[in-house]
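Asks: Below: sequence and its predicted model.
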Amino acid sequence: MSDVETSETPEEAPKETKETKAPKETRAPKEQNVIFVGNKPPMSYVMAVITGFNVGDTKEVILKARGRAISTAVDVAEIVRNRFFKDAETKDIAIGTEQITPREGGNPRNVSTMEITLRKE
């Protein structure tokens, strides 16, 4: 009796985990080629772009940055285009503004955003 009960319980448990993991798996391929630029040195992000082009077998990599990191994202795009992939081109540049509310409360403030799409032929 106990063998039957244990065989039924594991069958039900993986079904629940598969349902929760299924949406995550569908999002992963779309976000694989997105690099969020922050406070690290530019060469860290250059290596991430190179890895994205080589490992992911993709033709496009998107650099996303906000605020002060925008200048780093531009530097990364130029380093990749001029030093590593001469055939890479800037396909698209999108700019925008996000309204961020501080954690402590207070007035929301605007933060600039930028997305740079690099395409390798």
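Replies: Received the coordinates, thanks.
Asks: and the residue most central in space within the chain, what does it touch?
Replies: Note on the chain: the residue nearest the mean C-alpha position is residue 34, at 3.1 Å, using CA atoms, centre = their mean. Residues in contact with residue 34 (CB atoms under 8 Å, 6 or more residues apart in numbering) are 61-62, 64. (Glycine included, C-beta is placed from N, CA and C.)
Asks: and it, bridged to which residues?
Replies: residue 62 (DSSP bridges).
Asks: Residue 98 now?
Replies: Going by DSSP bridges, residue 98 forms beta bridges with residue 111.
Asks: Can you give me the distance of it to residue 65?
Replies: 12 Å (CB to CB, to the nearest Å).
Asks: Settle it for me: which of those two has more neighbours?
Replies: residue 65 (22 against 12; other CB atoms under 10 Å).
Asks: which SS state does that one fall under?
Replies: Put simply, residue 65 is strand when judged by DSSP: H, G, I helix; E, B strand; the rest coil.
Asks: Could you double-check that it lies in contact with residue 93?
Replies: No - between residue 65 and residue 93 there is no contact under CB atoms under 8 Å: 11.3 Å.
Asks: So for these two, which residues contact both of them?
Replies: residue 114.
Asks: Show me what the helix or strand hosting residue 117 is in contact with.
Replies: Residue 117 belongs to strand 109-120 when assigned by DSSP states H and E. Under the contact criterion CB under 8 Å, 6+ apart, strand 109-120 has outside partners 49, 53, 59-67, 70, 73-74, 77, 80-81, 85, 87-100, 102.
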